[in-house]
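*Asks:* sequence unknown, structure follows:
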């Protein structure tokens, strides 16, 4: 269910994962209602696992984090949290294992000079989080290739897991004061929070129901993923700043 919360935003927009985004939403919501009978819970679990395995961007990171710590299940909640938010598991993945994974996934897609720029990131301190993928991999692989700098920063800001304080709850939407990504003197930086409108539900389904003005929510593209506790907000902020500083070394 945690995976569905964060993967749904880009999946709905057709940016990653399988085409059946409605199933991801419906299964994720059904699995999180706390009232599911055991047989249906198993069906939901299998369905979500099948969908998650088809996310070519995210799932290999889950496999890497799990394998690095001897965890048999890439969908273990600790592993999923390590990728999307960041925790002790993502912090302690062996750089050599991470570089091997990156080599298998990205080397063939890049010119040699671009690969040399990326392959040193694990030894430089990169961790296999979504923030790393957005800030260091995404600019050279996939959607960013060939785009203007301003478009690249805008897309990176939308794609990264960001946070915002709820200013208004309005039906299926939230108005949040979110911290944006910007480019100042050639370096990526976090700017002053500014209001923006995001979705919390789609046709009555969503992952953020019990939300009030003043809550902090995590955001992925135009989608509100969950209400963050203080400790998980701190974890997300700290890993974002860390990967931002690392990305700026070679921007």
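*Replies:* That came in fine, so what should we check first? If you're wondering where the values come from, they're calculated on a predicted model, not measured in any experiment.
*Asks:* nearest residue to residue 168 other than its sequence neighbours?
*Replies:* Once flanking residues are discounted, residue 168 sits nearest to residue 175: 4.0 Å by Cβ to Cβ, 6 or more residues apart in numbering. The way it works is simple: take the backbone N, C-alpha and C, and place the C-beta from them, glycine included.
*Asks:* ok, residue 55 - contacts?
*Replies:* Contacts for residue 55 (Cβ atoms under 8 Å, 6 or more residues apart in numbering) come out as 7, 11, 16-18.
*Asks:* which of the helices or strands spans it?
*Replies:* Element membership of residue 55, judged by DSSP states H and E, is empty: it is in no helix or strand.
*Asks:* and the closest residue to it other than its chain neighbours, what pLDDT?
*Replies:* Using Cβ to Cβ, 6+ apart and skipping residues adjacent in sequence, the residue nearest residue 55 is residue 17, 4.4 Å away. Looking at residue 17, its pLDDT reads 95.
*Asks:* want to throw the contacts of residue 55 into TSV with secondary structure and neighbour count?
*Replies:* As requested, these are exported to TSV (DSSP: H, G, I helix; E, B strand; the rest coil; neighbours: other Cβ atoms under 10 Å):
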residue	secondary structure	neighbour count
7	helix	27
11	helix	27
16	coil	18
17	coil	22
18	coil	15
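*Asks:* and which of those is nearest to residue 250?
*Replies:* residue 16 (24.2 Å; Cβ to Cβ).
*Asks:* what distance separates stretch 5-14 from the centre of its chain?
*Replies:* With Cα atoms, centre = their mean, to the nearest Å as the basis, stretch 5-14 stands 10 Å off its chain's centre.
*Asks:* same question for stretch 126-142.
*Replies:* 10 Å.
*Asks:* quick check: mean pLDDT of it?
*Replies:* 91.
*Asks:* how about stretch 62-72?
*Replies:* Stretch 62-72 carries an average pLDDT of 98.
*Asks:* cool, stretch 185-197 as well?
*Replies:* Confidence for stretch 185-197, expressed as mean pLDDT, is 96.
*Asks:* what residues sit buried inside it?
*Replies:* Of all the residues in stretch 185-197, those buried under the rule 16 or more other Cβ atoms under 10 Å are 188, 196.
*Asks:* next structured bit after the helix or strand of the chain with the lowest mean pLDDT?
*Replies:* Lowest by mean pLDDT, DSSP states H and E among the helices and strands of the chain is helix 149-159, with a mean of 84. For helix 149-159, the succeeding helix or strand toward the C-terminus, using DSSP H and E, is strand 162-170.
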